[in-house]
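*Asks:* The sequence and its predicted three-dimensional model are supplied below.
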Amino acid sequence: MSKKYNYLIIIFLIVASFSAYGRIMGNEFINIDDNIFITENKNIQSGINATSIKWALTTSYFPDFWHPLTWLSHMLDWSLFGANASGHHLVSLLLHIATVLLLFLFLNRTTKSLWPSAFVAALFALHPLRVESVAWAAERKDVLSMFFGLLTLYTYTLYVEKPQVSKYILCLILFVLGLMAKPMLVTLPFVLLLLDYWPLERWKKEIKPVTNETQAISLKKSKKHKTQSIQQNISVTAKDQPKISQLLWEKVPFIFLSVAVTIMVVWQVKVGGLLTPLKRLPFLTRIINAIISYVSYLGKTFWPVDLAVFYPYWQALPFWQYLGALLILLLISAVVILYIRKQPFLFVGWFWYLGTLFPVIGLVQGGGQAIADRYTYLPSIGIGIMLAWGIPLFFKREKIRKIILFPAGVTALVILAFLTWQQCGYWKNSVELFNHALQVTKNNPLAHVNLGIALAAEGKHQEAIDHYRNAIKINPSDYKAYCNLAVAFKDQGNIEEAVKNFRETIRINPNYEDAYYNLANLFRDQGNIEEAAKYYRETIRINPKDVDAHNNLGIILGMYYKKNDEAIYQFRQSLQIDKNNSDTHVNIAIALANKGELKEAIEHFRTAIYLKPDDAQARQALKEVIELEQNQKKIK
């Protein structure tokens, strides 16, 4: 019968997840990170090969953290589905469902409690806070890392049941794969220690065997005492349990990997310029934000409405709110510690939540968000454990539990599934997503900017300009808003305002590459070649790997200044970065032909045609250069 229920629960979890999230397969990519991770990433679109694998393992592209497995998964998706967003979303949903099933199997195996395990898995599967991780293509790292994280936990359970070196090594390998998908999994060794306490119960102290004399006395006592005696006899096997020190040493390789990855991530974020300095965001402010955030995530867990893709940093809040949030955290912590022996699942669930959320709670700030729904993906399991095993404690009689808890649990899950279905609809496209964000948040400059970008892409430039101005009004130092405002003015033909806002962008952030590059393009289009060359050089100074800047500067040097050698140098620099850029091959071929190096020019023309077979101009140019080479040979 137990297996029958297992199968029914698994079927329910799959069907319910598809019902709640299925509409995301009709959603588009959005204009925040999806372009960087997928739609405008040539490395991703090159597919899986030796070069792309090396890039994934070593890249500092979009420097936030190291996640080579995520890059590889995007490459595989692009190979299968190309620019069809539906396929990318489907894979993320399948990974989420696989994680849900692993969570159920893991909890059921370790606790031997079928229905609480099923409830935790269903709550995790259907909660609206999961939507951001599942519906956002660029957040593949969430579902992928969690999949390997749950595989790690399940394998660890098998290792505890029957310790073998092979299982331990497999557990380590799965943990490494999880870290390679998203470094937030660095807290998993802490979770393993919590699981050792409950439900695996490996923290039990060695208990001395009960003597025969003690057994004889116990037989004369009441039935209650007989049961206690039997339990004591059974507990003799606890002497085979490892000591606490052994449990800690057992986690050393996991902890070492976590520390190494943490150091690497912090260094990478700092080098990438994404680490918010203490001068701009003092440590005391970060601590206060962390306290508020912990309670805010709890609030959204129990009241999951008004969810947004981006939550601006907290404005000044009344002191009583800070104090109230701190008291809530302290009170819950005190209660779970007080009942640690009687209800260990409360302790494990609460500190699972606190511990796994710690890396993204804002003490090390790498962005402008106060909180993010996706950060609850792993921590939410802890709260689910507390609810699934804690709520039944309020109902002592089994009959009442069945009458009240089962219908209440099903009702709650149905409501959550509907809210999740509704939330998935807001992720249909960028306009829907950021319009919704503006409706449910206040003073949200990022939502204004990205909605402006989406509107501009639809040709609604004046509406876009209005949103960029709203963003600047909220945050006068928002250089990205100024840059996008300049682009919108340029598209409207208002060159004076465009130049003015590009220069303001550079004044606020002298190292913002996009402003220099766009300004260079503007001057080039206006025929101001000298200024164009100047700003292309500035773009290359900031980012020596900007293929287009090298290419455009090379065209100017060759076409307008007749400096073929310098032009060829720029084209070669461009090809070192991206050897598969057909336009660059054409440009360098023209420059080489003008210099008289016809043989090499022909090679580049042929490469360009190989990369872009429908390039009629390249074919014509190749024909002309071949004829020229043949004529020269005849003359010789």
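*Replies:* That came in fine, so what should we check first? Numbers count the residues shown, from 1 in each chain.

*Asks:* Thought W66 was touching V261, still the case?
*Replies:* Yes: at 7.2 Å, V261 counts as touching W66 under the criterion of C-beta atoms under 8 Å. The way it works is simple: take the backbone N, C-alpha and C, and place the C-beta from them, glycine included.

*Asks:* what touches both of these two?
*Replies:* Counting by C-beta atoms under 8 Å, 6 or more residues apart in numbering, the contacts common to V261 and W66 are P183.

*Asks:* L611: what's it in contact with?
*Replies:* 580-582, 585.

*Asks:* min pLDDT across those, which one?
*Replies:* Note: of the contacts of L611, the lowest pLDDT belongs to N580, at 87.

*Asks:* Apart from its chain neighbours, what residue comes closest to that one?
*Replies:* Counting by C-beta to C-beta, 6 or more residues apart in numbering, L611 is the residue found nearest to N580 once chain neighbours are left out, at 5.8 Å.

*Asks:* T376 too?
*Replies:* Nearest one to T376, counting by C-beta to C-beta, 6+ apart, is L129 at 4.9 Å.

*Asks:* pLDDT at that neighbour, what is it?
*Replies:* 98.

*Asks:* I'd guessed it sits against I371; true?
*Replies:* No: the criterion here is C-beta under 8 Å, and L129 misses it with I371 at 10.5 Å.

*Asks:* I figured Y536 hits I556, correct?
*Replies:* Yes: assessed by C-beta under 8 Å, Y536 is found in contact with I556 at 7.1 Å.

*Asks:* Only the C-alpha atoms, please, for stretch 26-45, written as CSV.
*Replies:* The C-alpha coordinates for stretch 26-45 follow below in CSV (Å, rounded to 0.1, in the frame of the first residue of the first chain):
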residue,chain,number,x,y,z
GLY,A,26,4.2,30.3,-24.2
ASN,A,27,6.4,33.0,-22.6
GLU,A,28,9.1,35.0,-24.3
PHE,A,29,12.7,35.8,-23.2
ILE,A,30,12.9,39.0,-21.1
ASN,A,31,15.3,41.9,-21.4
ILE,A,32,17.0,41.4,-18.1
ASP,A,33,19.9,38.9,-18.2
ASP,A,34,18.2,36.6,-20.8
ASN,A,35,20.0,38.6,-23.5
ILE,A,36,23.3,38.3,-21.7
PHE,A,37,23.0,34.7,-20.9
ILE,A,38,21.3,33.5,-24.1
THR,A,39,19.9,35.6,-26.9
GLU,A,40,22.9,37.9,-27.5
ASN,A,41,25.6,35.5,-26.3
LYS,A,42,27.6,34.2,-29.3
ASN,A,43,29.5,31.7,-27.0
ILE,A,44,26.2,30.1,-26.1
GLN,A,45,25.0,30.1,-29.7
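
*Asks:* Any buried residues in it, and which?
*Replies:* Of the residues in stretch 26-45, 27-32, 34, 37-39, 41, 43-45 count as buried by neighbour count, 16 or more other C-beta atoms under 10 Å.

*Asks:* what's the offset of that stretch from the middle of its chain?
*Replies:* 13 Å (C-alpha atoms, centre = their mean, to the nearest Å).
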